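Make a model of this:
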Amino acid sequence: MFSIRAKLIVSILAVATTAVVGMLMIGQWSFGRNFMAYLDSRDAEVLNQLNRALASHYVEHKSWRRFADNRREWRQFTQRHIFSPAQTLQRERKAASSAARSPTWQRPTGAPPADQNMTKIRSLSRANLAHRVSLQDRFGERVIGPPGVGARSLRQPIMSDAIIVGYLVLQRGHGPLKGIASEFAHRQKTAFVMITLALFAVSLAIAIPLSGQLVRPLRDLLTMTRRLNAGDLTARAISPAGHAGHRDDELAQLVTDFNSLAVTLENNHKARQTWVTDISHELRTPLAFIQGQIEAMLDGVRPLSIESVESLNLQVAQLNLLIDDLYQLSIADAGSMTYQKTALSVLPIVQDAIENCRPLAAKTGIELLLDVERAIDDRCIGDGQRLRQLFDNLLANSVRYTDSPGRAIVRVVNRGEVIVVEISDSAPAVGAEHLPKLFDRLYRVDGSRNRSTGGAGLGLSICKKIVEAHGGQIEALISDLGGLTIRVHLPGLST
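Numbering: from 1, shown residues only. From the prediction side, this is the model:
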């Protein structure tokens, strides 16, 4: 199975080779089509020149008898008018000079002119044309020249005083010129092959380091993934910027996301370990107390009395509360906590929560007060049962942790489209460094695990889940009364 690097190299070479081969094929097709069309256009131009000369000859002689079966006269006439006068004079001078020179004369050496090939092609084209042109009279009978008119022959009428006096016929096809065209095409093909090989080598020289640069971060990412899968949560991939300068592409984003995933997994693993340790401690504390009390009663150290049973019952109640909180939090995390939301008023729910908490507040010496804005619009979309659970937990938490005698004030205000419920209590205060952590699971400011008035540190976490499920926010602030303020923001129902 090929690696990604091999596939990249092959792909780059394939694209380069395909492009060059395509250029070669298009060049060959264009040459074969346009070169012969160029020669045909040159023949037509010379044929027009010869046509005018024949028309002048007919005006002078009133017949074609001069050319009838006289090949020498026809050849001389066509060559005289196919070639330009300057070229004819040059040919005559060359012939005379060649005759006067010795047989050992050789052509001077030196670099050929830049247009030698095209000059040779034009000369051969005109010389070859003299053998392919024929003359017909006005009835279409051949006077001189090659017989027959092919499908690709060019036939021009010869006009004199607007009367057709004959026809000039050119048989298409370039004879010796095909060899020149073939040689030229062969040279072009050889040049394209050399260019293809050169581009292939250049592409290979570029593809090898480029593929290595692209694949190196992927190999590092694969290694780190295997380490992560093996349980090494500290594995981190090296960013492509560390390999080759600054980069901001999809590969760099992939490495960044991988490292972010690794950090999340490591944090979740540490949080899970802490969670298991804290839960074990929370469950062990009441169970150890219950077991100790029962063993003391069995050994006769402590008598079986109403007070002892009440103490055991209190520990069992706290244990049930912890288990219920754990259950509520687990279903909230799993998204299984059900909500039946309807349009409702917040104030009656807050008032019911205050009345439910008054017995506990009276027992602990805490005064509960309610402060409500007049003509407040307290409607929202929510689940009445879950909101009642929210405010019950917040009020119970405030009463439980407020020193006696103390106060707790509940304020309900409307701030635009948001309904705000604040629960502020008196001392003791909470340090500012603890405020962001109050909604973390199992977090308690006092740090004690066996405080009789303390809970498991799960109530505020459950409250946060309920508020977020209603699209709101919850925050902890320092209270003006000297204690803690819990502020809940709920989206209001617009009128």
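
Point out where the stretch 351-495 of the chain drops to low pLDDT.
374-375, 441-458, 494-495 (pLDDT under 70).

all strands for it, in order.
Secondary structure of the stretch 351-495 of the chain by DSSP state E, counting those that start in this stretch: the strands cover 366-372, 379-382, 406-415, 418-426, 473-478, 482-491.

try the stretch 1-150 of the chain
So, for the stretch 1-150 of the chain - with DSSP E, counting those that start in this stretch - the strands run 133-137, 142-144.

Make JSON lines from the strands of the stretch 351-495 of the chain and add mean neighbour count to it.
For glycine as for every other residue, the C-beta is placed from the backbone atoms N, C-alpha and C. Shown next, in JSON lines, are the strands of the stretch 351-495 of the chain (neighbours: other C-beta atoms under 10 Å):
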{"stretch": "strand 366-372", "mean neighbour count": "15"}
{"stretch": "strand 379-382", "mean neighbour count": "20"}
{"stretch": "strand 406-415", "mean neighbour count": "18"}
{"stretch": "strand 418-426", "mean neighbour count": "22"}
{"stretch": "strand 473-478", "mean neighbour count": "16"}
{"stretch": "strand 482-491", "mean neighbour count": "20"}
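
quick one: which of those strands is nearest Gln49?
In terms of C-beta to C-beta, the element of the strands of the stretch 351-495 of the chain nearest to Gln49 is strand 482-491, at 94.7 Å.

what's near enough to touch the nearest residue to Ile466 once chain neighbours are set aside?
Spatial nearest neighbour of Ile466, excluding adjacent residues (C-beta to C-beta, 6 or more residues apart in numbering): Leu390 at 4.7 Å. For Leu390, the contact set (C-beta atoms under 8 Å, 6 or more residues apart in numbering) comprises 463, 466-467, 488.

Of these, keep whichever come out buried.
Those of the contacts of Leu390 that meet the buried threshold are 463, 466-467, 488, by 16 or more other C-beta atoms under 10 Å.

among those residues, which two are most distant?
Among the buried ones among the contacts of Leu390, the pair separated by the greatest distance (C-beta to C-beta) is Ile466 and Val488, at 9.4 Å.

what about the longest helix in this structure?
helix 4-61 (DSSP state H).

what's the angle from that helix to strand 133-137?
Orientation check (axes from the mean of the first three to the mean of the last three C-alpha atoms, to 10 degrees): helix 4-61 against strand 133-137 gives 40 degrees.

Give the other helices and strands that helix 4-61 contacts.
helix 71-82, helix 116-130, strand 133-137, strand 154-160, strand 163-170, helix 177-229 (3 or more C-beta pairs under 8 Å, 6 or more residues apart in numbering; DSSP states H and E).

Measure how the first one sits relative to helix 4-61, angle-wise.
The one in question is helix 71-82. Put simply, helix 71-82 runs at 120 degrees to helix 4-61, going by the same axes, to 10 degrees.

CA atoms only: put helix 71-82 into PDB for me.
Extracted in PDB, the C-alpha atoms of helix 71-82 (Å, rounded to 0.1, in the frame of the first residue of the first chain):
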ATOM      1  CA  ARG A  71       6.600  21.900 -71.800                       C
ATOM      2  CA  ARG A  72       9.800  23.900 -72.000                       C
ATOM      3  CA  GLU A  73       7.900  27.100 -72.900                       C
ATOM      4  CA  TRP A  74       5.400  26.500 -70.100                       C
ATOM      5  CA  ARG A  75       8.000  25.800 -67.500                       C
ATOM      6  CA  GLN A  76       9.900  28.900 -68.400                       C
ATOM      7  CA  PHE A  77       6.800  31.000 -68.300                       C
ATOM      8  CA  THR A  78       5.500  29.600 -65.000                       C
ATOM      9  CA  GLN A  79       8.900  29.900 -63.300                       C
ATOM     10  CA  ARG A  80       9.300  33.400 -64.600                       C
ATOM     11  CA  HIS A  81       6.100  34.500 -63.100                       C
ATOM     12  CA  ILE A  82       6.000  32.300 -60.100                       C
END
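
Determine the set of other helices and strands touching that helix.
Counting contacts by 3+ C-beta pairs under 8 Å, 6+ apart, the secondary-structure elements packed against helix 71-82 are helix 4-61, helix 116-130.

Point out the most buried one among those helices.
Per residue and on average, the most neighbours among those fall to helix 116-130, with a mean of 16 (mean count of other C-beta atoms under 10 Å).

one step back: how far does the longest helix of the chain sit from the chain's center?
43 Å (C-alpha atoms, centre = their mean, to the nearest Å).

just stretch 367-380 next, same as before
Centre-to-centre, stretch 367-380 and its host chain are 53 Å apart (C-alpha atoms, centre = their mean).

could I get it in PDB with only the CA atoms?
Presented in PDB, the C-alpha positions along stretch 367-380 are these (Å, rounded to 0.1, in the frame of the first residue of the first chain):
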ATOM      1  CA  GLU A 367     -34.800  36.400  58.800                       C
ATOM      2  CA  LEU A 368     -36.200  36.000  55.300                       C
ATOM      3  CA  LEU A 369     -37.300  39.100  53.400                       C
ATOM      4  CA  LEU A 370     -38.800  39.700  49.900                       C
ATOM      5  CA  ASP A 371     -38.200  42.800  47.800                       C
ATOM      6  CA  VAL A 372     -40.200  43.200  44.600                       C
ATOM      7  CA  GLU A 373     -40.400  46.000  42.100                       C
ATOM      8  CA  ARG A 374     -43.900  47.400  41.700                       C
ATOM      9  CA  ALA A 375     -45.800  46.500  38.400                       C
ATOM     10  CA  ILE A 376     -43.100  44.100  37.400                       C
ATOM     11  CA  ASP A 377     -43.600  41.800  34.400                       C
ATOM     12  CA  ASP A 378     -42.200  38.600  35.800                       C
ATOM     13  CA  ARG A 379     -43.400  36.200  33.100                       C
ATOM     14  CA  CYS A 380     -41.000  33.800  31.400                       C
END
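
who's in contact with that stretch?
With contact meaning C-beta under 8 Å, 6+ apart, stretch 367-380 is reached by 343-347, 350-351, 354, 357-358, 361, 395, 399, 405-414, 419, 470, 490-493, 495.

hmm, 6 Å instead?
For stretch 367-380, contacts defined as C-beta atoms under 6 Å, 6 or more residues apart in numbering pick out 345-347, 354, 361, 407-414, 419, 490, 492-493.

Please apply the same query to stretch 305-319.
With C-beta under 6 Å, 6+ apart as the criterion, stretch 305-319 contacts 286, 289-290, 293.
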